[in-house]
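*Asks:* what's the 3D shape of this:
(chains A and B)
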Amino acid sequence: MPTYTDMTRCDGCGDCVDICPSDIMHIDPVYRRSYNIEPNFCWECYSCVKACSQNAIDVRGYADFAPLGHKVRVLREPEKGSISWKIRYRDGRRKEFTFPIRTTPWGSIKGPSEYEAPDLSGLTSQLLAHEPTALHIDALPTLKKA
Amino acid sequence: MMLTSNPFAALEDFWPPLVMQVYIVLMMVAVVLGTLFDVHHKGSAKFFARRKEKSEAAAQRHLSGGETVSMAIATIAEAAVSGEFCKWPRRISHLLMMYGFLLYLVTTVVMVFVYAGGAHTPAILPALWTIGALLILVGGLWFFFFLRVNVAYDGASPFHLGQADLFIGSLLASVAFALVWGYVQTAHANQIATWILFALYIFFTTLLFVSVPWSKLAHMFFKPAVAFQRRVEEANGSSDLPSPAAENYIVRS
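*Replies:* Predicted coordinates:
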């Protein structure tokens, strides 16, 4: 079910081009809107669908698989930390689901280079870098011997 | 002084004011015809009509006339601040170009039609004309060299040119040559150079307005139509997008 772009909604910002893991979302050389250059290679990962701030990208069902016009639409709300899905089934039923995707503000996660470099003693520790503080806990849970 | 003198007044030494007036009317006709051709060729009118029919068929409630009018006003207010752009650099660049173009266009029309035939032009008009052109150049060059998505994300050269650049390229060239022509004219430079610059200004201006079917100038008509339809769909319950989440999951800073 490859993706396609509704050109009337797309504003050509390039977020889908940037995020596509298959590098198949490109910019149309005539209209400067995004388009899927190779639908056969689409992983159907929905990264571009979720990243598009204009909700301009949709996923087309193959005619033999979804002949009666089912639809899957997604609404990402980074300010609420949620993603919502609306499924329209072939028989016309509609269902909506909302999932939390994060608990911290969008853009607040620090990149590795923004942390202080750990000292060499960290190599012998069981903890990963910046644990347990980065997990917002005092200590990792441990098994207690009976 | 470039900032205070009407650049079109000097042309009246060579031909009557009617020539530039007819040229502007022809350009307006070209935009109207080009847009109608674009609408017909791409089938966008049919697309919007079909979408409206679908929206009305799937509507969960009927919208009153007052609601529709208030949504139209909200759409115009959103377009006035380029609210459809989610990224601030693109939004500011678009605002600079949009208001610069409006200022440049209106002052051009006023100077050519109202202050023709030797009438004294208030100094504010050429000043606003120059400011409008500079706003277009700032917003346009910023977009051209840094914000074009095939430059920013696809890694194309900043000097890359394609059909998608017909609108921005002809706009920038038209405005740049207008400014240079205006300056050279008031500096009483070589007559031949002045005429060459004027010819380049007219060439790129004509290209900008005549190339509507192949450029994206028509977006100023269909983008607000799409934004309005989207608001209507959200209000009457026919939108295919999920309802906004009721809960805020951000609990930590």
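*Asks:* identify the residues contacting residue 95.
*Replies:* Unless you meant another one, I'm taking chain A. Counting by Cβ atoms under 8 Å, 6 or more residues apart in numbering or on different chains, A:Lys95 touches A:86-87, A:89. Bear in mind the C-beta positions are built from the backbone N, C-alpha and C, glycine included.
*Asks:* actually chain B
*Replies:* Shown in contact with B:Leu95 (Cβ under 8 Å, 6+ apart): B:81-82, B:139.
*Asks:* nearest to chain A among those residues?
*Replies:* Checking these against chain A with Cβ to the nearest Cβ, the nearest one is B:Ser82 at 9.8 Å.
*Asks:* the closest one is in what secondary structure piece?
*Replies:* If you go by DSSP states H and E, B:Ser82 is not part of any helix or strand.
*Asks:* do the same with B:Trp142
*Replies:* Assigned by DSSP H and E, B:Trp142 falls in helix B:124-142.
*Asks:* who does that helix touch, helix- and strand-wise?
*Replies:* helix B:88-113, helix B:166-186 (3 or more Cβ pairs under 8 Å, 6 or more residues apart in numbering or on different chains; DSSP states H and E).
*Asks:* export the contacts of A:Lys95 to a markdown table and tack on neighbour count, distance to chain B and pLDDT?
*Replies:* What follows is these, written out as a markdown table (neighbours: other Cβ atoms under 10 Å in any protein chain shown; distance: Cβ to the nearest Cβ, whole Å; pLDDT from 0 to 100):
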| residue | neighbour count | distance to chain B | pLDDT |
| --- | --- | --- | --- |
| A:Lys86 | 18 | 4 | 88 |
| A:Ile87 | 14 | 9 | 83 |
| A:Tyr89 | 13 | 13 | 79 |
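*Asks:* redo those as TSV? Include distance to B:Phe143.
*Replies:* Listed next are those as TSV, based on distance: Cβ to Cβ, whole Å:
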residue	distance to B:Phe143
A:Lys86	34
A:Ile87	38
A:Tyr89	43
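*Asks:* tell me which of the residues you listed fall in strands.
*Replies:* Using DSSP state E, the subset of those located in strands is A:86-87.
*Asks:* if we can go back for a sec, between helix B:166-186 and the helix holding B:Trp142, find me the angle.
*Replies:* 140 degrees (axes from the mean of the first three to the mean of the last three Cα atoms, to 10 degrees).
*Asks:* nearest residue to residue 129 other than its sequence neighbours?
*Replies:* Just going to use chain A. Of all residues not flanking A:Ala129 in the chain, A:Pro118 sits nearest, at 5.2 Å (Cβ to Cβ, 6 or more residues apart in numbering or on different chains).
*Asks:* that's the other chain; I wanted chain B
*Replies:* Using Cβ to Cβ, 6+ apart, the nearest residue to B:Trp129 is B:Thr107, at 4.0 Å.
*Asks:* and that neighbour, how far from B:Leu141?
*Replies:* Applying Cβ to Cβ, to the nearest Å, the value for B:Thr107 to B:Leu141 is 21 Å.
*Asks:* cool, and B:Ala79?
*Replies:* According to Cβ to Cβ, B:Ala79 and B:Leu141 sit 23 Å apart.
*Asks:* re earlier: helix, strand or coil for the residue nearest to A:Ala129?
*Replies:* coil (DSSP: H, G, I helix; E, B strand; the rest coil).
*Asks:* now do it, the pLDDT please.
*Replies:* Among the per-residue scores, A:Pro118 shows a pLDDT of 82.
*Asks:* number of nearby residues for it?
*Replies:* 13 (other Cβ atoms under 10 Å in any protein chain shown).
*Asks:* hang on, the earlier thing: and the contacts of the helix holding B:Trp142?
*Replies:* Helix B:124-142 has contacts (Cβ under 8 Å, 6+ apart) with B:2-7, B:89, B:92-97, B:99-105, B:107-108, B:110-111, B:115, B:168, B:171-172, B:175-176, B:178-179, B:182.
*Asks:* give the buried residues for that helix.
*Replies:* B:125-126, B:128-137, B:139-140, B:142 (16 or more other Cβ atoms under 10 Å in any protein chain shown).
*Asks:* centre of the chain to the next helix or strand after it, how far?
*Replies:* Using DSSP H and E, the helix or strand that follows helix B:124-142 towards the C-terminus is helix B:149-152. Its chain's C-alpha centre and that of helix B:149-152 lie 21 Å apart, by Cα atoms, centre = their mean, to the nearest Å.
*Asks:* residue in the stretch 51-200 of chain B with the shortest distance to chain A?
*Replies:* B:Val149 (3.5 Å).
*Asks:* leaving out sequence neighbours, find the closest residue to that residue.
*Replies:* The nearest residue in space to B:Val149 (Cβ to Cβ, 6+ apart) is A:Gly14, at 3.5 Å.
*Asks:* and B:Ala10, by the same measure?
*Replies:* Closest residue to B:Ala10 apart from its sequence neighbours, by Cβ to Cβ, 6+ apart: B:Gln185 at 5.6 Å.
*Asks:* and the stretch 101-250 of chain B, which of its residues are near chain A?
*Replies:* When proximity is defined as Cβ under 8 Å from any Cβ of the partner chain, the stretch 101-250 of chain B approaches chain A at B:148-150, B:152-154, B:162-164, B:216, B:222-223, B:226, B:230, B:240-250.
*Asks:* which members of those residues are classed as buried?
*Replies:* By neighbour count, with 16+ other Cβ under 10 Å, those hold B:148-150, B:152-154, B:163-164, B:216, B:222-223, B:226, B:230, B:240, B:242, B:245, B:249-250 as buried.
*Asks:* which of those residues fall in helices?
*Replies:* Members of these lying in helices (criterion: DSSP state H): B:149-150, B:152, B:222-223, B:226, B:230.
*Asks:* wait, B:Glu233 sits on B:Met71?
*Replies:* No. B:Glu233 is beyond contact range of B:Met71, at 10.5 Å (criterion: Cβ atoms under 8 Å).
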